[in-house]
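Asker: What would the 3D arrangement of this be:
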Amino acid sequence: QKMIFAARALPTPLRAASVSISRRSVPRTRFARSRERIGASRWLSEGSGGEASSPPAPKAPPAIKKYVGPFSGVTLRLKRVSVFTALTGCVGMPALLFLHTGTVPAAGQAAVSGTALCAAVGSTVLLNYCVSPYVHSILQVGEGDGATYEAVTANLMGMRVTTSFDLAAVQPPTGTRPFCNFVAAGVPMYVHPELVNDKAFVRKLIGRELTKGEREGKSSEEGVV
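Answerer: As a prediction, this is how the structure comes out:
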C-alpha cells in the first residue's frame with residue numbers, strides 16, 4: 001500500500017513506470033501457474049481429438065491361399081546348388097589353369113577349362129529354363145469378379161518373384177516349353193492341377209478340361225489348402 005500511495009504522489013510518467021516495475025517485481029502465484037498448465041493441456045487434448053476423429057483407413061481385402069506347390073523347396077535347392085557349382089567352375093577352372101605347371105600344353109588346358117565352364121554354366125541355364133515356371137504358391141486377393149491373384153515363382157538366383165494377374169487375362173501356353181501349362185502376365189507358369197481342390201478355378205487357370213486323373217487327384221497337405 002505504501003508503494004501505491006507513493007506512486008500516486010508521483011507525476012504521471014513516473015507513476016506509469018513505477019506501476020510497471022511493481023507488476024514485474026510481483027512473482028506469479030501457484031494458482032496462475034496451474035491455470036496456465038490447465039489451458040495448455042486443454043489445447044493439446046483438443047488437437048489430439050481432432051486427429052482421432054478422422055475416418056479409419058479402409059481394410060485390405062482378404063487374401064486366400066489357393067495353391068501351394070509340393071516341390072517348391074526342392075526346386076529352390078536345385079537352383080541354388082546349380083548356381084553355386086557354376087560360380088565355382090567359373091572361378092576355379094581359370095585359377096587351376098593359371099597355377100598348373102605340368103606338361104599339358106596351353107591349348108589343351110584351355111580346351112579342358114572351356115569344356116568344364118560350358119558344362120557348369122550350361123547346366124545351370126538349362127535347369128533354370130525348365131524349373132523357372134514352377135509356381136510355389138498362388139494367393140487370391142479380394143472376392144468376386146474383382147479378385148486378383150498373386151503367383152510366386154523363383155528366378156535364377158533362387159529369389160522369390162511375385163506376379164499379379166487377373167484370371168480373365170490368363171492365356172494357354174505356346175510352343176513346347178517344358179513345365180508350363182498357362183501364361184499369366186506374360187510369364188510362363190506351371191501348377192499341379194490334381195492338387196487343387198477348386199476345380200473350377202484350375203479349369204479357368206489352365207484353359208482346358210481336366211483329365212480323369214486330374215479330377216480324381218488325391219488331396220495332400222503340401223499341395224492343397
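Asker: can you give me the strands in the protein?
Answerer: Along the chain, counting by DSSP state E, strands occupy 63-68, 137-141, 148-154, 160-165, 182-184, 187-189.
Asker: Turn those strands into JSON lines, including mean neighbour count and mean pLDDT.
Answerer: Placement of C-beta: from N, CA and C, glycine included. Formatted as JSON lines, the strands of the chain follow (neighbours: other C-beta atoms under 10 Å; pLDDT from 0 to 100):
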{"stretch": "strand 63-68", "mean neighbour count": "17", "mean pLDDT": "89"}
{"stretch": "strand 137-141", "mean neighbour count": "19", "mean pLDDT": "93"}
{"stretch": "strand 148-154", "mean neighbour count": "19", "mean pLDDT": "94"}
{"stretch": "strand 160-165", "mean neighbour count": "14", "mean pLDDT": "94"}
{"stretch": "strand 182-184", "mean neighbour count": "21", "mean pLDDT": "94"}
{"stretch": "strand 187-189", "mean neighbour count": "20", "mean pLDDT": "94"}
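Asker: Next one: P27, what pLDDT does it get?
Answerer: You'll see P27 listed with a pLDDT of 49.
Asker: Let me know the angle separating the helix ranked longest in the chain from strand 160-165.
Answerer: Taking DSSP state H as the criterion, the chain has its longest helix at helix 72-99. Put simply, helix 72-99 runs at 130 degrees to strand 160-165, going by axes from the mean of the first three to the mean of the last three C-alpha atoms, to 10 degrees.
Asker: Just the buried positions in helix 72-99, please.
Answerer: Going by neighbour count (16 or more other C-beta atoms under 10 Å), the buried part of helix 72-99 is S72, T75, L76, L78, K79, S82, V83, T85, A86, G89, M93, L97.
Asker: between the strands of the chain, which one is nearest to L210?
Answerer: Closest approach to L210 among the strands of the chain (C-beta to C-beta): strand 182-184, 13.2 Å.
Asker: same for that closest one, what does it pack against?
Answerer: Helices and strands touching strand 182-184, by 3 or more C-beta pairs under 8 Å, 6 or more residues apart in numbering; DSSP states H and E, are strand 187-189.
Asker: Other residues contacting the strand it packs on?
Answerer: For strand 187-189, contacts defined as C-beta atoms under 8 Å, 6 or more residues apart in numbering pick out 132-135, 151, 153, 163, 173, 177, 180-183.
Asker: which among these gets closest to I64?
Answerer: Distances from I64 to the contacts of strand 187-189, taken by C-beta to C-beta, are shortest for A151, at 13.6 Å.
Asker: Am I right that that closest one is in contact with I138?
Answerer: Yes. A151 sits in contact with I138 when judged by C-beta atoms under 8 Å, with a separation of 5.1 Å.
Asker: shared neighbours of the two, anything?
Answerer: Taking C-beta under 8 Å, 6+ apart as the contact rule, A151 and I138 touch no residue in common.
Asker: who's in contact with the residue nearest to T85 when sequence neighbours are not counted?
Answerer: Counting by C-beta to C-beta, 6 or more residues apart in numbering, the nearest residue to T85 once its immediate chain neighbours are dropped is A120, at 5.8 Å. Going by C-beta under 8 Å, 6+ apart, A120 touches T85, A86, T88, G89, C90.
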